[in-house]
Structure formats: C-alpha cells, structure tokens
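Undergrad: return a 3D structure for these sequence lines:
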Amino acid sequence: MTPDLILRGGRIIDPSQDMDQTSDIAFAGGKVQAIGAVEAGPDTQVRDVSGLIVSPGLIDLHTHVYWGGTSISIDAEDFCRKSGVTTAIDTGSAGPGNFAGFRKHVIEPSEVRILAYLHVSFAGIFAFSPTIMVGESKDVDLMAPREAAEVADANRDVVIGIKVRLGRHASGDQGMTPFGYALQVAEKTGLPLMVHIDEPPPSYEELVDAMRPGDVLTHCFRPFPNAPCTAQGTVKPAVKRARERGVLFDVGHGKGSFAFKTARAMLANGFLPDTISSDIHQLCIDGPAYDQVTTMSKFLCMGLPLDDVIRRSTVNAAMALRRPELGSLKPGSVGDATLLNVSEGAFDYEDVVGEVMTGSRRITSEGVVIGGKWWWPQ
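TA: Reported below is the predicted structural model:
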C-alpha cells in the first residue's frame with residue numbers, strides 16, 4: 001500500500017517498543033504502516049521532521065472537554081493543537097443525564113479522539129466556575145447508578161470507565177458514600193473507576209484501600225491535607241499496598257491537585273505516577289496546569305528521563321484505558337503521532353500552592369498526526 005504520509009528523519013521515541021532511534025515513519029489507511037525506509041508514491045505527503053521527536057500520539061488521561069455543556073470544560077480541538085494531544089479523556093464532565101448531548105455535539109464532530117469516564121452523578125460536574133462551586137457528590141439524590149449503568153452500556157465505544165469525585169469540596173461530609181454508588185456501576189458494567197480525591201473526608205488511605213486493580217486514583221500527588229506521603233517524606237503504607245494490588249496513580253494536575261513538595265517526596269522514594277495528565281479545565285488552562293506538555297515538562301525537570309515521561313503519556317495511558325491500539329507506533333496501531341521539541345534554557349513552572357520551580361528544559365508540541373493524516377499545524 002502506498003503511504004499517505006511519511007515523516008522523515010525524526011527521532012522516534014516509542015516506549016511501547018523500547019524504541020529510541022532516528023528513522024522515517026509511514027502512515028497508510030489511518031494506521032502506522034512502517035518504521036524505516038519507505039518509498040513515497042505520487043500522492044504521498046512527505047514532511048521533514050529532522051531535529052524533532054516523533055512520539056505516539058499523546059493521551060491526556062484527565063481533561064474536561066464538554067465545551068458549552070458544562071462550565072468546567074474547554075474546547076478539545078483548540079487544546080489538543082497546542083498540547084500535542086491526539087486522545088483526550090473527559091473525566092466526568094457529563095453524567096447519564098446529559099451524556100447524549102456531550103456525545104452528539106462534542107464527541108462525534110471532533111477530529112480529536114474523545115473518550116469518557118461517565119460520572120455517576122446525574123448531571124456530571126454541573127457547577128464548577130469562578131463564581132459558583134457546588135460539589136455534585138454532596139447530594140446523594142444526584143447519584144444515578146441505574147441510569148449510569150444503562151448509559152455506559154449503550155455507549156461502550158466511547159465510555160471507558162466510571163468517574164466519582166470525593167473529598168470535602170466535591171462530596172462534603174458524605175465520606176465514601178458516593179464511592180459505593182460508583183463502585184456498584186463499575187462492577188455491573190465491568191468498567192474501571194477513576195476517583196478524584198481532594199481534602200478529607202474521606203482520607204487518602206481509606207479511599208485507596210477500597211480501590212480495585214485497574215482503578216485509577218487521580219490527583220495522586222496532591223498537597224497536604226490528603227497527600228500520599230507522610231510529614232517525614234515517606235510513602236504511606238496504604239498507598240504502597242494499593243500499588244502492589246494494581247491500583248493506578250494518575251497526576252491530574254488541575255487547579256488544586258499537584259504540589260512539587262509531594263512529587264519530590266514520592267519520586268525520591270521511587271514512587272512514580274503511572275500516568276501524567278493535565279486535568280485541564282477553565283480554571284487552570286491559564287495556569288498553573290496550562291496543558292499536557294507543560295505538565296510533562298515539570299516531571300522532566302524533576303529528573304524523570306524523557307522516555308519515561310513519554311511512556312506515562314502514551315502506552316501507560318492506553319493500558320489504563322484498555323485500548324492497546326493507542327499509545328504506540330507499532331505497525332498496525334492507530335496512526336496518531338505527536339511531534340515534540342525539548343528546549344534548553346531557564347523556565348519557570350508553578351504548582352497549585354504557589355511554589356515556582358525553575359527548570360532547564362521545556363517540552364513543546366510542534367505537530368500532530370491524527371488517523372494517519374497531518375492535522376496541525378496546517
């Protein structure tokens with residue numbers, strides 16, 4: 001088959017293949033065709049990407065992209081152009097009561113792939129703005145397990161899990177009660193959970209003790225209170241037990257959920273996040289999160305090797321989604337790729353509590369391939 005697109009001379013970093021080499025890569029029929037020397041046809045688009053990194057299409061495991069339907073959400077395509085994201089995972093912006101609109105008006109028209117964790121709360125995250133902030137899990141009357149199971153089963157192509165938000169801001173004094181509703185939906189549908197944690201109640205330990213293998217705890221490196229590490233900088237035993245059991249830990253930076261102090265302590269103990277995500281939404285897109293590549297840059301500047309940073313935004317995220325066709329440049333995989341550049345200099349990065357770290361490197365997105373076609377920049 002004649003390739004539709006060839007990227008020539010880039011540095012291919014694909015952790016799914018333990019690959020780091022300079023080579024050409026060809027796409028045909030919406031998939032990765034081959035890595036190596038490939039002959040172009042008369043209609044093949046050829047782009048010279050020498051000097052750039054070619055990675056599998058970035059997956060942002062925590063976004064809010066029900067634009068126009070919920071106040072928290074941003075425009076997925078605009079965000080993905082700037083951040084090099086080819087798959088945006090919406091995490092509970094919509095619940096069973098408004099998911100049909102999310103699917104029809106945002107997911108289906110989008111050129112960017114959008115998958116979703118469906119919120120167990122009937123209307124999802126319905127009141128999250130600079131002026132109105134109501135935790136949707138505070139009112140158990142909004143918990144809709146029957147409807148959530150029905151909507152999840154009817155939308156298996158795009159619903160990849162169930163979302164619930166816990167903590168003083170999201171669920172008030174309800175503790176683990178909303179978790180129980182979400183867990184029942186997850187068990188009935190066979191889908192994993194993604195669970196938000198903010199300040200207690202419940203405690204970080206109580207929550208992770210209840211989570212199952214394959215479930216995702218997001219905001220895993222949040223600041224005190226409810227940090228995963230002790231005041232002495234050690235990893236809490238319940239957190240270690242959860243990882244050993246197969247619970248996955250996702251960054252979910254956002255407006256209030258990532259602290260350098262926590263991250264440094266966890267990394268010093270060898271406890272790396274399974275996935276790096278931005279938790280991008282209206283209240284953090286202009287800082288402190290900004291986008292996916294900025295979140296990745298923070299971990300690069302804290303000492304994670306570049307291939308490890310890319311791994312946590314590609315193949316690891318694909319495995320959390322149970323979508324092995326994503327997050328890889330293996331021939332036959334979905335034809336998504338991100339062109340990245342790593343600049344050297346002095347760059348200031350901020351966390352959610354106001355600490356500023358000056359790092360020596362910054363990752364930027366320089367181009368995006370979606371479905372085997374060059375998508376951005378035009």
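Undergrad: which residues in the stretch 251-378 of the chain form helices?
TA: Applying DSSP state H, counting those that start in this stretch to the stretch 251-378 of the chain gives helices spanning 260-268, 292-301, 306-311, 315-321.
Undergrad: same check, this time on the stretch 101-250 of the chain
TA: Under DSSP H, counting those that start in this stretch, the stretch 101-250 of the chain gives helices at 145-154, 168-171, 177-189, 204-210, 237-245.
Undergrad: quick one: the lowest-mean-pLDDT helix or strand in the chain to chain centroid distance?
TA: One helix or strand of the chain scores below all others by mean pLDDT, DSSP states H and E: helix 76-83, with a mean of 94. Taking CA atoms, centre = their mean, to the nearest Å, one finds the center of helix 76-83 at 13 Å from the center of the full chain.
Undergrad: what's the angle from it to helix 292-301?
TA: 40 degrees (axes from the mean of the first three to the mean of the last three CA atoms, to 10 degrees).
Undergrad: returning to that earlier point: just put the helices of the stretch 101-250 of the chain in JSON lines and tack on distance to G69.
TA: In short, each C-beta sits where N, CA and C put it, glycine included. Converted to JSON lines, the helices of the stretch 101-250 of the chain look like this (distance: least, CB to CB, whole Å):
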{"stretch": "helix 145-154", "distance to G69": "15"}
{"stretch": "helix 168-171", "distance to G69": "19"}
{"stretch": "helix 177-189", "distance to G69": "21"}
{"stretch": "helix 204-210", "distance to G69": "28"}
{"stretch": "helix 237-245", "distance to G69": "33"}
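Undergrad: which one of those lies nearest to P223?
TA: P223 lies closest to helix 204-210 among the helices of the stretch 101-250 of the chain, at 11.5 Å (CB to CB).
Undergrad: show me what counts as buried in the closest one.
TA: Y204, E205, E206, L207, V208, A210 (16 or more other CB atoms under 10 Å).
Undergrad: which SSE is the spatially most central residue of the chain in?
TA: In the chain, the C-alpha nearest the mean C-alpha coordinate belongs to L61, at 1.7 Å (CA atoms, centre = their mean). Following DSSP states H and E, one finds L61 within strand 58-63.
Undergrad: what's in contact with the least confident helix or strand of the chain?
TA: 58, 60, 63, 65, 67, 85-86, 88, 106, 110-112, 114, 278, 280, 285, 291-293, 365, 368, 375-377 (CB atoms under 8 Å, 6 or more residues apart in numbering).
Undergrad: circling back to that earlier point, so what's the residue nearest to the centre of the chain up against?
TA: I89, T91, V216, T218, D250, G252, T275, S277, A317, A320, L321.
Undergrad: just S297 next, same as before
TA: F347, Y349, G359, R361, R362, I363.
Undergrad: which of these are buried?
TA: By 16+ other CB under 10 Å, the contacts of S297 give F347, Y349, G359, R362, I363 as buried.
Undergrad: grab the two from these that are most spread out in space.
TA: The widest separation within those (CB to CB) is 11.4 Å, between Y349 and I363.
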